[in-house]
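Undergrad: structure for the following, please:
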Amino acid sequence: MTDLAHLRRGVTAAALAGAMLTGGAAAAETLRLAHFVAPAHVITGSLIEPLAEGVAADSGGALTIQVYPGGELGAGPQEQYVRALQGVADIVWGLQGYTSSQFPRTMIAEMPGAIPQGMSGHEFLWNGYEAHLAQEFPGTRPLALWTSEPNVFIMRDREVRRPEDVAGLKIRVSGNISGALVEALGATPVQMPAGEMYNALQTGLIDGIITGASAIADFKLNEVANSYSVGAPLGNITFYLVMNEARYQGLSDELKAVIDANSGRALSKSAEDGWNARAEETLEALRADPAKTVVDLSDEEIAAFDAVLSPLTETLVAQVPGGAEALAAMRGE
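TA: Numbers count the residues shown, from 1 in each chain. As a prediction, the model looks like this:
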């Protein structure tokens with residue numbers, strides 16, 4: 001932790017302690033955070049622990065976060081947002097792609113080439129949040145918004161080097177943007193939650209997967225996939241961590257300040273950095289494994305994919321009401 005972070009937390013904790021002394025001791029509160037993956041997933045170290053530890057420290061223990069992993073508060077990743085709305089959990093982690101129709105403007109971040117070179121996904125999303133994306137999060141308060149590392153092809157007994165190598169195959173996707181991308185390549189998109197990818201690839205229900213390389217480690221896909229193609233412009237995946245708005249508003253002003261101090265762009269950056277680091281570690285391990293093939297596409301091969309997929313982004317943005325304005329804002333234009 002930086003000296004600045006220590007100072008900020010010290011000031012916040014001191015202010016909260018002072019408020020409690022002047023206003024009377026408040027009962028400690030616990031927020032329930034639900035997600036649907038195992039505790040070993042990258043979400044724990046990059047997102048949940050920074051939030052939970054920061055909130056506990058800054059509140060002097062007056063506010064804590066209890067984590068319910070692996071669908072303990074309800075199975076089905078597609079229902080995560082609804083769980084926050086209904087108060088089944090106070091905070092939930094999920095993917096916009098699982099309910100793509102709710103997030104048409106946010107999903108622009110998943111389109112090939114939408115995020116400018118050198119700009120992070122979380123910056124892209126937060127740039128457009130207030131003016132263009134907030135309406136897509138009714139009843140909740142986003143605590144973090146970010147994207148994965150660039151998507152890759154994850155295949156079983158097939159190498160992908162050209163768009164033609166994908167034609168006719170069944171490819172798992174996370175949402176409608178990657179689904180449109182797969183269709184543009186002449187393949188059939190199969191949308192399913194991440195937890196089902198392993199069995200689907202192992203049994204031949206699908207021929208391959210498009211997702212970030214971090215998922216290879218997080219969902220043990222290296223056990224059922226043996227070929228990975230890197231470099232094609234396949235976009236990214238978007239994620240959210242949202243809190244029930246009524247639950248947030250029910251906190252004291254001091255505890256709201258604690259939540260605010262430990263969320264937003266900084267927490268989003270931590271999550272995105274964690275995803276990128278896991279992806280790099282995963283690809284490095286795969287390259288060192290003689291039983292695996294990592295295909296680093298050449299410039300010429302990447303250009304062939306780009307020729308097919310770049311026009312798709314322009315078409316998809318045009319189909320989103322206010323999409324062009326949202327894209328410009330997210331790019332900081």
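
Undergrad: roughly how far does Thr44 sit from Gly235?
TA: Distance, Thr44 to Gly235, by Cβ to Cβ, to the nearest Å: 25 Å. C-beta here means a position set from N, CA and C on the backbone, and glycine is covered the same way.

Undergrad: the two: who's more crowded?
TA: The neighbour count for Thr44 versus Gly235, taken as other Cβ atoms under 10 Å, is higher for Gly235 (27 against 17).

Undergrad: in the sheet, who's paired with Leu145?
TA: Counting by DSSP bridges, Leu145 is bridged to Tyr240.

Undergrad: does it touch Ser263 like I think?
TA: No - if you go by Cβ atoms under 8 Å, Leu145 and Ser263 don't touch, sitting 10.1 Å apart.

Undergrad: list residues touching both of those two?
TA: Common contacts of Leu145 and Ser263 (Cβ atoms under 8 Å, 6 or more residues apart in numbering): Leu241.

Undergrad: who's more crowded, the two?
TA: Leu145 (28 against 21).

Undergrad: need the contact list for that one.
TA: With contact taken as Cβ under 8 Å, 6+ apart, Leu145 is in contact with Thr106, His122, Leu125, Trp126, Tyr129, Leu133, Thr238, Phe239, Tyr240, Leu241, Ser268.

Undergrad: now it: how far from Asp296?
TA: 30 Å.

Undergrad: same check on Thr106?
TA: Distance from Thr106 to Asp296, by Cβ to Cβ: 30 Å.

Undergrad: who's more crowded, the two?
TA: Between Thr106 and Asp296, counting by other Cβ under 10 Å, Thr106 is the more crowded of the two (25 against 12).

Undergrad: how far away is that one from Gly121?
TA: From Thr106 to Gly121 the distance is 11 Å (Cβ to Cβ).

Undergrad: show me the common contact partners of those two, please.
TA: In contact with both Thr106 and Gly121: Thr238, using Cβ under 8 Å, 6+ apart.

Undergrad: which secondary structure state does Pro233 sit in?
TA: coil (DSSP: H, G, I helix; E, B strand; the rest coil).

Undergrad: again, but for the one 3 residues further on
TA: Of the three states, Asn236 takes coil under three-state DSSP.

Undergrad: tell me who's in contact with the closest residue in space to it that isn't next to it in sequence.
TA: Distance criterion Cβ to Cβ, 6 or more residues apart in numbering; nearest residue to Asn236, sequence neighbours excluded, is Thr147 at 4.0 Å. Neighbouring residues of Thr147 by Cβ under 8 Å, 6+ apart: 109-110, 115, 120-122, 124-125, 236-239, 272.

Undergrad: so what pLDDT did Thr147 get?
TA: Here the pLDDT value assigned to Thr147 is 98.

Undergrad: Met119: how many residues sit nearby?
TA: 14.

Undergrad: doesn't it fall inside a helix?
TA: No - counting by three-state DSSP, Met119 is located in no helix; its state is coil.

Undergrad: just the buried positions in the helix or strand where Ser270 lies, please.
TA: Here Ser270 sits within helix 265-287, counting by DSSP states H and E. Judged by neighbour count (16 or more other Cβ atoms under 10 Å), helix 265-287 contains these buried residues: 265, 267-272, 274-276, 278-279, 282-283, 286.

Undergrad: next SSE downstream of the one helix or strand Ala84 maps to?
TA: Assessed by DSSP H and E, Ala84 sits inside helix 80-86. The helix or strand immediately downstream of helix 80-86 is strand 91-95, counting by DSSP H and E.

Undergrad: what does that next one contact?
TA: 31-36, 43, 47, 65, 77, 80-81, 83-84, 143, 174-175, 237-244.

Undergrad: now the strands for the stretch 101-250 of the chain?
TA: For the stretch 101-250 of the chain, the strands defined by DSSP state E, counting those that start in this stretch cover 140-147, 151-155, 170-173, 188-191, 208-212, 227-230, 238-244.

Undergrad: closest one to Leu251 among these?
TA: strand 238-244 (9.8 Å; Cβ to Cβ).

Undergrad: hmm, who's touching the helix holding Ser270?
TA: 42-43, 45-47, 50-51, 120-123, 125-126, 143-149, 212-214, 216-218, 222, 228, 230, 239, 241, 292, 294.

Undergrad: now stretch 88-101: mean pLDDT?
TA: Throughout stretch 88-101, pLDDT has a mean value of 97.
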